[in-house]
Structures are given as structure tokens and as C-alpha cells.
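Student: for reference, the sequence and a predicted model appear below.
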Amino acid sequence: MLAVVKEHEGPGFAVKDVPMPEVREDDVLIRARSVGICGTDIPILAGTRVIPWPMIPGHEFAGDVAGVGSRVRGFKEGDRVTSCLVIGCGSCRYCVEGSECLCDNLVETGIHVDGAFAEYVRAPAKTVLKLKDGTSYDQGASIDPVASAYRTIRASGITTKDTVAIFGPGPIGLYAVQLAKLRGARCVISIGTGDDADRLSRALELGADYAIDSSACDVAGRVSEITGGAMADFVQDCTGAPSVVESALAIVKKRGTFAVTGLFHHPVEVNLGRVTRSEISVYGTICYTRNEFSECLDLVEDGRVRVGPVITHHFALRDMESAWEVIQRREAVKVILRP
Ligand SMILES: [Zn+2]
Ligand SMILES: [Zn+2]
């Protein structure tokens, strides 16, 4: 089968024929139809994030069941499915508590084991969910970034009185905007940089009340203007960019919350005095649980969360180089591969 393989350290990847994955007794073999390229895949493909080589990345996928292991019940060939990337061990204390994204022995499809930048991908049946008839493969492949935003918003105390500010109008940030609105937030502000004009207009299309270009104005001043000086009750980072932290803390109101969804790869210097003096709560979330993934599948299937305006490009798997160029030029929001 054709696959995109990360074979070594440093930049570059190969598009080549590899053996089909072997289906073990608890696995489902999936013929991948739509596979999203995630922010997490970018450092993997660029070679700046270390994974066990050789590896097939890709964890945002949907497709058709092409084989089932001997112990698998409830799936048959031809079922249209998606799968969450988190594979918990099932027996550590976090898995037992139902927080398998914090599993002590965590395995993630496309990060620790071969993923879906391939014609076929193997996933444990416990991570696989069926799609409804009217659900597209693109919708199925979009649940992962929806669920990453969802776990953060679900853990928040957002009320109908609240102003929510979301840094980063990438896919996760655009889903966070929709989820904050669904949660009933009174006002949602999407914040991006000068490169994000197209993304910010998509945020407005998806329900944000305001969009702020941080390179064109003073973010704190603008948020103060919007909120009549009250500032934001809840601020969510969906960038993982060190420069955001100070801006985020500057727009949280006293007793407000700063939530971190973005993955920070470098240490950040933060003035924690502001956290103390303003009694700011800070928390983070990582990925999502299977339950949250399933709840997000419902939100997308019901049309309560829209994925269409987030997906900007489609490429055949064999055109991965072209997809990579579009990503490098920052022209895309979400790129979907069609293996
Ligand atoms: Zn992802
Ligand atoms: Zn575990």
C-alpha cells in the first residue's frame, strides 16, 4: 500500500509502498478515505519532533472497515468509521478513572505507532466509532481537533455572562470558538496575528463576535474597549506560542481563567505575580477521552459544530509534497489527504 513514511531524523519524508498493517485479534483495519494533517504532524514531518522511526504519521482519519480481528465484535467490513488517537492501557489509575489521555502507558496512533497517512491503518476496536450514514469522511476526520478544543471548554466554568477570548484561529481555535458559543458564552473573541487574516474571517463566519489582529493593535486595549473595561472571563490558548502567554494574562479579568490547549515545546517566562494578585486560575488539557471524542462526533453529526469552513485544501496522498508546500506557505487552515 502507499504511505507517507517518516524514515529518519531531520526534514523530509518518503511517499512509498510499504507492507499492509497486520490485523491483530483486537484490531480493526481501516481503508483510510480522509486524513487531516494536524499541527502535531508538522514538527513530526519537519523532523523537529522525535518519534520512533520509521513511522507513518497521521491520526485524524475516517474510512471504511476493511478487516476485523478475531475478538472484535460490533464492526464488519464496509462500516464507515473514525477513530480517536488515544490508546490507553486500560489498567493504570488514569485509565481506570476514565482519563485515558493521561495514561501512564499512553500509545497514540500516528505518533507512537503507524497512523493514517496511508491507504490502510490499523486501530484497536476500542478506539473506533461508527459514522452515521449522512456523515462525510471529512467530518469523521475532523473529530480529533474538535475534541482537543472540547476537553478544555468542557472543563471550563464558562457561563452565559462570560466573555471568552481564544488565541489562535487555526483548526483547534476555530472549533473552540464554536464550542464556546455552544456553551452559551455572551461574547467570543478570536485573536490571531497579521498572517491570520483569512483565518480570522473564518472565525467570524463560525460565530466569533470579534476578531483581533494582534499585529495591528494593542490586544489588551482592544479587549478593554470591547468589554467596557471588564476584560475576558476565560482566555484559551490554542497556539502553543510562547509570546501568547503574556498577552493572555494581560486580558484575563480578576478571578478569570487562562486555559492552555496549545502544546508548548519551549519553556516560557511568565509573571506569576499577576496570577496571584488577580487570582487567575490556570489549567491545561491534553487530547481527549473516548467519551469526549464520541460527544464531539455527535456535535459534528448534528451540525452543531461545522467543519466545512475549517477545511481549505484536499490532496491525494501521493501529492503529499504539494500539501506540505501549501502548509509551509501558511496558505491552509486544515489540509485533508485522500489516500
Ligand atoms: Zn490532531
Ligand atoms: Zn493507562
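Tutor: Cool, got the structure. Residues are numbered from 1 along each chain as shown. Ligands and ions are numbered 1, 2, ... in the order given.
Student: what residues does the chain put near ligand 1?
Tutor: Cys38, Glu60, Asp144 (C-beta under 5 Å from the ion). C-beta: built from backbone N, CA, C; applies to glycine.
Student: report the buried members of these.
Tutor: Buried members of these, scored by 16 or more other C-beta atoms under 10 Å, are Cys38, Glu60, Asp144.
Student: restricted to helices, list the residues you listed.
Tutor: Secondary structure from DSSP state H places Asp144 of those in helices.
Student: the buried ones among the residues of the chain next to ligand 1 also near ligand 2: which ones?
Tutor: Within those, nothing lies near ligand 2 by C-beta under 5 Å from the ion.
Student: excluding its backbone neighbours, what's nearest the residue sitting nearest the centre point of the chain?
Tutor: Nearest to the geometric centre of the chain sits Pro145, at 2.5 Å (C-alpha atoms, centre = their mean). In this structure, Pro145 finds its nearest non-sequential neighbour in Pro171, 4.5 Å apart by C-beta to C-beta, 6 or more residues apart in numbering.
Student: please name the residues that touch that neighbour.
Tutor: Shown in contact with Pro171 (C-beta atoms under 8 Å, 6 or more residues apart in numbering): Gly36, Cys38, Gly39, Ser142, Pro145, Val310, Val333, Lys334.
Student: out of those residues, who has the most neighbours?
Tutor: Ser142 (29 neighbours; other C-beta atoms under 10 Å).
Student: and the pLDDT for that one?
Tutor: Listed pLDDT for Ser142 reads 98.
Student: and what of Arg49?
Tutor: On the pLDDT scale, Arg49 gets 85.
Student: so how far is ligand 1 from it?
Tutor: 13 Å (C-beta to the ion, to the nearest Å).
Student: ok, back up a step: wait, which of the buried ones among the residues of the chain next to ligand 1 is closest to ligand 1?
Tutor: Using C-beta to the ion, Cys38 comes nearest to ligand 1 of these, at 3.1 Å.
Student: which residue is the nearest non-sequential neighbour of that closest one?
Tutor: Per C-beta to C-beta, 6+ apart, closest to Cys38 is Glu60, 5.5 Å.
Student: name the helix or strand of this protein that has the lowest mean pLDDT.
Tutor: helix 41-46 (a mean of 92; mean pLDDT, DSSP states H and E).
Student: how about the residues of this protein near ligand 2?
Tutor: So the chain meets ligand 2 at Gly88, Cys89, Cys92, Cys95, Cys103 (C-beta under 5 Å from the ion).
Student: host element of the nearest residue to Val282 once chain neighbours are set aside?
Tutor: In this structure, Val282 finds its nearest non-sequential neighbour in Phe258, 4.9 Å apart by C-beta to C-beta, 6+ apart. Taking DSSP states H and E as the criterion, Phe258 maps to strand 252-260.
Student: helices or strands next to that strand in the packing?
Tutor: Secondary-structure packing of strand 252-260 (3 or more C-beta pairs under 8 Å, 6 or more residues apart in numbering; DSSP states H and E): strand 232-237, strand 281-284.
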